[in-house]
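Visitor: Got a sequence here, can you build the structure:
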Amino acid sequence: MALEARQAALKALDWVLREGRMLAHLPADPRLSPGDAARAARLASLTLRHVQPLDAVIAPYLDRKPPLPALNILRLAAAELLVAGGDAHGVVDSAVKLAKARRPTQRMAGMVNAVLRKVAVEGPERFAAEPPQRLPGWIGGPVKKRWGAEVLRTIEAAHVPLPPIDLTVKPGATVEIEGATRLPTGSLRLPAGTQVSAVPGYATGDVWVQDAAAALPVRLMGNVAGARVLDLCAAPGGKAMQLAALGAHVTAVDLSDSRMGRVRENLARTGLTAELVVADALDYTAAPFDAILLDAPCTASGTIRRHPDLPHVKSWTEVEPLTRLQMRLLDHALTLLKPGGTLVYCTCSLLPVEGEHQITAALKRHDGLCVIPADPVALGGDDAWRSPEGGLRLRPDMWAEIGGLDGFYMAALTRP
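Guide: Okay, the predicted model is just below:
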């Protein structure tokens with residue numbers, strides 16, 4: 001791997017672990033070739049998935065914990081040695097060069113060299129004995145309380161591998177992609193690391209990237225052909241495209257103009273249409289809709305296998321404000337729904353307080369409101385997805401043998 005790619009990966013680690021910012025907000029480096037940019041992203045992701053076990057391997061070779069810039073060099077190189085199986089000589093040499101090239105770590109190049117030489121020899125056995133990276137307590141605690149310690153450990157193990165890439169196929173399109181498998185729910189699953197923009201059907205708009213779990217809420221609505229459907233908090237537009245492709249007259253609302261720009265791009269590529277409105281969903285008013293999809297803002301704790309930076313950046317302080325916002329959005333969305341219409345509420349969260357608890361609380365707040373019981377088997381899923389209040393609960397440890405799923409909750413509501 002080129003030194004430039006390792007430098008970019010180290011910058012990404014600093015961005016997350018020192019500055020506390022999500023990788024999605026890291027500006028692209030125009031000096032990197034596409035290949036080096038992809039290699040840097042993979043190495044940074046690999047390191048973030050294993051910070052705790054890597055630290056446990058490195059610690060015995062340190063007299064004291066080094067400053068974060070030096071520690072991140074050690075973590076990055078250890079990940080390349082122990083997880084990616086990199087050549088020891090090349091990895092250690094590059095790590096020393098990284099240390100010498102940065103003012104805060106110039107005097108630590110000798111330490112980096114000594115520690116990594118020991119890691120290269122003794123580290124593999126130590127690393128194999130370490131458990132997967134633990135979820136932070138604000139996620140792991142509620143998961144353990146709801147499903148038990150064994151499920152918590154299987155979820156943590158499911159966060160380790162690079163996830164496969166799922167595609168939604170436009171209805172009626174014929175797409176043949178080498179190496180792809182069709183999931184029982186209808187999504188196409190590609191091997192991890194596939195260059196999506198190069199797969200057949202992507203450029204022509206016949207497919208778009210959407211985790212298999214995220215593709216299910218639209219299907220809870222049933223037949224939407226010809227219906228007026230409101231997609232609240234719509235960006236980046238995967239569900240709006242699903243709805244439009246099924247023949248719905250879609251109004252997509254999102255607060256962010258820049259994120260709505262992605263929806264425009266995706267609609268243009270797929271040749272689908274929707275009315276796009278940049279507005280605060282809480283302020284949006286219109287004639288009642290036949291159906292509403294509310295993909296509410298949440299902690300995104302169900303997407304850690306795709307976003308390993310998330311546990312290092314987000315914290316428990318975000319949970320209460322988000323759950324209050326979800327409650328307000330759900331109440332407001334119900335005012336925009338026709339009597340007898342269907343409202344699907346969903347979040348990409350592992351926390352019951354952002355899923356199951358929101359629905360049970362809404363049923364108490366609104367007379368006549370009821371859940372339309374979801375049938376996961378009819379959707380191609382498993383009975384284990386059923387949630388007691390009538391929704392669906394998906395977790396990363398489910399379907400682990402074929403690549404897993406994002407953590408997701410969804411429920412369909414109606415009020416006669």
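Visitor: make it CA atoms for all contacts and neighbour counts henceforth
Guide: OK.
Visitor: show me where the chain has strands.
Guide: For the chain, strands defined by DSSP state E occupy the ranges 165-169, 181-182, 188-190, 207-209, 228-232, 249-254, 275-278, 289-295, 337-347, 370-372, 392-394, 408-414.
Visitor: Switch the ones you listed over to JSON lines; also include mean pLDDT.
Guide: Formatted as JSON lines, the strands of the chain follow (pLDDT from 0 to 100):
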{"stretch": "strand 165-169", "mean pLDDT": "95"}
{"stretch": "strand 181-182", "mean pLDDT": "94"}
{"stretch": "strand 188-190", "mean pLDDT": "94"}
{"stretch": "strand 207-209", "mean pLDDT": "95"}
{"stretch": "strand 228-232", "mean pLDDT": "98"}
{"stretch": "strand 249-254", "mean pLDDT": "97"}
{"stretch": "strand 275-278", "mean pLDDT": "97"}
{"stretch": "strand 289-295", "mean pLDDT": "98"}
{"stretch": "strand 337-347", "mean pLDDT": "97"}
{"stretch": "strand 370-372", "mean pLDDT": "97"}
{"stretch": "strand 392-394", "mean pLDDT": "98"}
{"stretch": "strand 408-414", "mean pLDDT": "98"}
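Visitor: Redo those strands as TSV? Include mean neighbour count and distance to Lys364.
Guide: As requested, those are exported to TSV (neighbours: other CA atoms under 10 Å; distance: least, CA to CA, whole Å):
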stretch	mean neighbour count	distance to Lys364
strand 165-169	23	35
strand 181-182	14	40
strand 188-190	23	39
strand 207-209	22	37
strand 228-232	25	23
strand 249-254	23	27
strand 275-278	16	31
strand 289-295	24	19
strand 337-347	22	16
strand 370-372	19	10
strand 392-394	25	19
strand 408-414	25	13
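Visitor: would you turn the ones you listed into a markdown table with distance to Leu3?
Guide: Listed next are the strands of the chain as a markdown table, based on distance: least, CA to CA, whole Å:
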| stretch | distance to Leu3 |
| --- | --- |
| strand 165-169 | 28 |
| strand 181-182 | 36 |
| strand 188-190 | 29 |
| strand 207-209 | 31 |
| strand 228-232 | 44 |
| strand 249-254 | 40 |
| strand 275-278 | 42 |
| strand 289-295 | 41 |
| strand 337-347 | 40 |
| strand 370-372 | 55 |
| strand 392-394 | 40 |
| strand 408-414 | 38 |
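Visitor: residue contacts, Val169?
Guide: Val175, Ser187, Leu188, Asp206, Val207, Trp208 (CA atoms under 8 Å, 6 or more residues apart in numbering).
Visitor: just Ala56 next, same as before
Guide: Here Ala56 is in contact with Glu130 (CA under 8 Å, 6+ apart).
Visitor: what does the one 5 residues further on give?
Guide: Remark: with contacts taken as CA under 8 Å, 6+ apart, Tyr61 is in contact with Val115, Lys118.
Visitor: ok, it to Val119 distance?
Guide: Distance of Tyr61 to Val119, given as CA to CA, to the nearest Å: 8 Å.
Visitor: Also Thr347?
Guide: Applying CA to CA to Thr347 and Val119 gives a distance of 41 Å.
Visitor: Grab the most central residue of the protein for me.
Guide: The residue lying closest to the centre of the chain (CA atoms, centre = their mean) is Thr303, at 2.9 Å.
Visitor: Do I have it right that that residue meets Cys348?
Guide: Yes - between Thr303 and Cys348 a contact is recorded at 6.7 Å, counting by CA atoms under 8 Å.
Visitor: Mind listing the shared neighbours of these two?
Guide: Asp406, Gly407.
Visitor: Of the strands of the chain, which is nearest Thr154?
Guide: Proximity to Thr154, assessed across those by CA to CA, is greatest for strand 392-394 (13.3 Å).
Visitor: So what touches that closest one?
Guide: Residues contacting strand 392-394 (CA under 8 Å, 6+ apart): 213, 374, 376, 385-387, 405-411.
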